[in-house]
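**Q** the amino acid sequence is not available; the structure is as follows:
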């Protein structure tokens, strides 16, 4: 990224962290509803604290590491004039050489149909594009009638310089990301468009990185839709396409096709394109439900917004459920087919 991006990360996010340090939440996006101020008590206070101590025997492979690690976590919730202000923290002991102390703060105030995310937050844009990933920055979610919008910008991977003295430690470049979703709902019909972009900052680390750790670039876009029909049926479908450049330091490709996408992705000789789709047909009648699911993820599909996604496979599965005795007895079944692994290109 350019120096201006690095300046935002080093200075503006530092100011943001100072602002939200008094009103924060760890890991989860707890939203504070500002619309009920007049209805609630003026002041309320609650809190908790926890401590976890663990021991691990690494054997001779990691003899220099401490076997002990600890986590101290706590929270204090202030409710002032109906506004929830959760203050929480989690401190991870840094005695073990592969761990580093950290504390995370975040705030998601909400007023009616508008939610603002500040600090360390999570936004679910799409299960195949951006879901389950924490970012440090800012975002918003807005619902206006049948329309909705969600967007964010921030750091999704922090810079970790290479240190040869540390075991079981993965260095990384700082990775900045941005994403957005525009959606529409009419009755049972739902339609969402999602776009996500992430790129590594080559200037974010000061040491020489291992050869297999490369600065990368990623772009993913998708569409999701669901609807009901014939009273007892519903159908949902999600399609996504991605572009991924494994190393942005390599020479650019100078052709018309590459220039067409250069505004969105750093196209290089190691760039790939992948495809992902998930389709579900469901039938529901009283206490019985049946679902047929088909999913395909090609070998080159890549989204930095979804941690640990398994690629290069397709599957068909059937899910069923039945409730009996006024829902006191619930039966369910899952019937998957074999997973097909496509051979990777050499």
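**A** Happy to help now that I have it. Just so it is clear, the model here is predicted, and its values are computed rather than measured.

**Q** quick one, domains of this structure?
**A** 25-104, 112-341 (automatic domain parsing).

**Q** below-threshold pLDDT in the protein: ranges please.
**A** 1-41, 54-69, 75-76, 78, 81-104, 167-168, 338-346 (pLDDT under 70).

**Q** what's the residue closest to the geometric middle of it?
**A** Computing the C-alpha centroid of the chain and ranking residues by C-alpha atoms, centre = their mean puts residue 133 first, at 2.0 Å.

**Q** what distance do you get for that one to residue 288?
**A** Here residue 133 is placed at a distance of 36 Å from residue 288 (C-beta to C-beta, to the nearest Å). In this view, the C-beta of every residue, glycine as well, is placed from N, C-alpha and C.

**Q** ok so, going back, out of the domains of the chain, deepest packed?
**A** Mean neighbour count, computed with mean count of other C-beta atoms under 10 Å, is highest for domain 112-341 among the domains of the chain, reaching a mean of 16.

**Q** distance from whichever strand in the chain runs longest to the middle of the chain?
**A** Looking across the chain with DSSP state E, the single longest strand is strand 271-285. Here strand 271-285 is found 19 Å from its chain centre; the criterion is C-alpha atoms, centre = their mean, to the nearest Å.

**Q** and what of stretch 219-236?
**A** Using C-alpha atoms, centre = their mean, the offset of stretch 219-236 from its chain centre is 22 Å.

**Q** list the contacts of that stretch.
**A** Stretch 219-236 has contacts (C-beta atoms under 8 Å, 6 or more residues apart in numbering) with 126, 128-130, 188-197, 237-244, 264-265, 276, 279-285, 302-303, 305.

**Q** which ones among those residues lie within strands?
**A** 189-197, 237-244, 276, 279-285.

**Q** quick one on the thing from earlier: next one: the residue nearest to the centre of the chain from residue 209, what distance?
**A** Counting by C-beta to C-beta, the gap from residue 133 to residue 209 is 22 Å.

**Q** cool, residue 110 as well?
**A** From residue 110 to residue 209 the distance is 41 Å (C-beta to C-beta).

**Q** ok, residue 287 touching residue 324?
**A** Yes: look at residue 287 against residue 324 with C-beta atoms under 8 Å: they come within range, at 7.0 Å.

**Q** all helices for the stretch 151-300 of the chain, in order.
**A** Counting by DSSP state H, counting those that start in this stretch, the stretch 151-300 of the chain has these helices, from start to end: 256-261.

**Q** what is the nearest residue to residue 283 once chain neighbours are set aside paired to in the beta sheet?
**A** Once flanking residues are discounted, residue 283 sits nearest to residue 290: 4.7 Å by C-beta to C-beta, 6 or more residues apart in numbering. Judged by DSSP bridges, the bridge partners of residue 290 are residue 283, residue 320.

**Q** what's in contact with the longest strand of the chain?
**A** 127-128, 222, 232-246, 253, 265, 289-302, 311.

**Q** ok, now which ones touch residue 209?
**A** Contacts of residue 209 by C-beta under 8 Å, 6+ apart are 162, 171, 173.
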